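K.L.:
here's a sequence, model it:
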Amino acid sequence: MIEMLLDFAVGEGVINSNPMVVSEADAALSHLGDLDTHREIVRGRIELLSGDQRREMRGADD
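P.N.:
Below is the predicted model of the structure:
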């Protein structure tokens, strides 16, 4: 969905290019390794932090 919104922004002239599209040069110089794996790790960390915050909030109410 985000990629579609970015494509729309490119079409409307709001941004020059879609940053989610990986060019051949970027793919060859990727220092993150597998980008999908990196995204999954980041999503997992966000979920863990969100869960910790929810537990803290429930603990404060008790």
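
K.L.:
would you check how far apart Q53 and I46 are?
P.N.:
The gap separating Q53 from I46 is 11 Å, by C-beta to C-beta, to the nearest Å. Bear in mind the C-beta positions are built from the backbone N, C-alpha and C, glycine included.

K.L.:
contact partners for the residue lying closest to P19 once chain neighbours are set aside?
P.N.:
Spatially, and ignoring its direct neighbours in sequence, P19 is nearest to L6 (6.8 Å; C-beta to C-beta, 6 or more residues apart in numbering). Contacts for L6 (C-beta atoms under 8 Å, 6 or more residues apart in numbering) come out as I15, N18, P19, M20.

K.L.:
out of everything not next to it in sequence, what's closest to the second one?
P.N.:
Read that as N18. Nearest one to N18, counting by C-beta to C-beta, 6+ apart, is L6 at 4.4 Å.

K.L.:
state the helix or strand in which the one you found lies.
P.N.:
Following DSSP states H and E, one finds L6 within helix 2-12.

K.L.:
residue contacts, V10?
P.N.:
N16, S17, N18.

K.L.:
in which helix or strand would I find the most centrally placed residue in the chain?
P.N.:
In the chain, the residue lying closest to the centroid (C-alpha atoms, centre = their mean) is R39, at 6.1 Å. Assessed by DSSP H and E, R39 sits inside helix 35-61.

K.L.:
hang on, the earlier thing: state the pLDDT value of the residue nearest to N18.
P.N.:
Looking at L6, its pLDDT is 86.

K.L.:
so how far is V21 from it?
P.N.:
From L6 to V21 the distance is 8 Å (C-beta to C-beta).

K.L.:
R58 now?
P.N.:
41 Å.

K.L.:
what does D52 give?
P.N.:
34 Å.
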